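S.K.: For reference, the sequence and a predicted model appear below.
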Amino acid sequence: MVKKILNNTISVDCVIFGFDFEKLNVLLVDRVLVDEKSGKELFTDLTLTGNHIFEDESLEDAAARILFDLTGLENIYLKQFGAFGDPERLLKPNDQAWLKASGRDPHSRILSVGYYSLLATEKVTLKWKGRNVKWYPVSEVSELAFDHIDIFQSALEALRRELLYEPIGFELLPEKFTLSQLQKLYEVVLGVELDKRNFRKKVSRMKYLIPLDEKQKGVAHKPARLYMFSREVYERTRKEVFDFNI
């Protein structure tokens, strides 16, 4: 078996968004540095999910690999949204200490390419990979390791822009969903409150939003009709302008 060789100067960072019907979340990883001699914890913080690329793989393949390693899921929506290469992006004291402890040159320059991914959180079972991985509400994320807060904020801005002109929001929902859940998704991601009547008027024009002969089950309120998104119909009708600008 041929040993995979990592490229030490190019990495991929994935901003993995998930929606739980109430709030937008992002998947973050614990970073804990422990003194090898004393066993004392030196610091703990959070990072995005990411890694260096292998010399023989594309950037998108690297992003898909990172996502699969964490979630076990394949064929997940991935969107490249930017590259990050500030000369000072790795110079914070904790980051320098982390790089030294892991045997890497703390003064090397690393270019990171950002991808964001969209998941329905009910599809994801997080696995222990030597570090804790956990969903955090987007609204509560204020500080991350390296320059990951800049990458995270850029991804969120890109997601909000694209949501207005591409039907990517369905990637954050289960296969079957209600119109109220769809409206909640747009409100949470865009940070706005939408008028129910106007919202339903807009979605009624979406030919690829298919009403089902099914209703919710096991809910305390009156069960609502379920819908699904048809990728096939969307591809067939995509020449029509999608505009969800509020």
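M.R.: Great, that's in hand.

S.K.: Least confident secondary structure element in this protein?
M.R.: helix 231-237 (a mean of 86; mean pLDDT, DSSP states H and E).

S.K.: Off-centre distance for that helix?
M.R.: 24 Å (C-alpha atoms, centre = their mean, to the nearest Å).

S.K.: Not counting its own residues, what contacts it?
M.R.: Residues outside helix 231-237 that contact it (C-beta atoms under 8 Å, 6 or more residues apart in numbering) are 167, 207-208, 210. (C-beta placed from N, C-alpha, C; glycine too.)

S.K.: cutoff 7 Å now
M.R.: Helix 231-237 is contacted from outside by 167, 207-208, using C-beta atoms under 7 Å, 6 or more residues apart in numbering.

S.K.: for stretch 136-145, same thing?
M.R.: Defining contact as C-beta under 7 Å, 6+ apart, one finds that stretch 136-145 is touched by 23-26, 28, 31, 45-48, 94-95, 149, 152, 156.

S.K.: And these, which of them are buried?
M.R.: With neighbours counted by 16 or more other C-beta atoms under 10 Å, the contacts of stretch 136-145 contain buried members at 24-26, 28, 31, 45-48, 95, 152, 156.

S.K.: Of the contacts of helix 231-237, which is the most crowded?
M.R.: Highest neighbour count within these: Tyr208, with 19 neighbours (other C-beta atoms under 10 Å).

S.K.: Tell me which residues touch that residue, please.
M.R.: If you count contacts by C-beta under 7 Å, 6+ apart, Tyr208 has them with 167, 229-230, 233-234, 237.

S.K.: for Phe17, same thing?
M.R.: Here Phe17 is in contact with 24-26, 116-118, 159, 172 (C-beta under 7 Å, 6+ apart).

S.K.: now the top strand by length along the chain: mean pLDDT?
M.R.: Using DSSP state E, we find that the single longest strand of the chain is strand 6-19. When pLDDT is averaged over strand 6-19, the result is 94.
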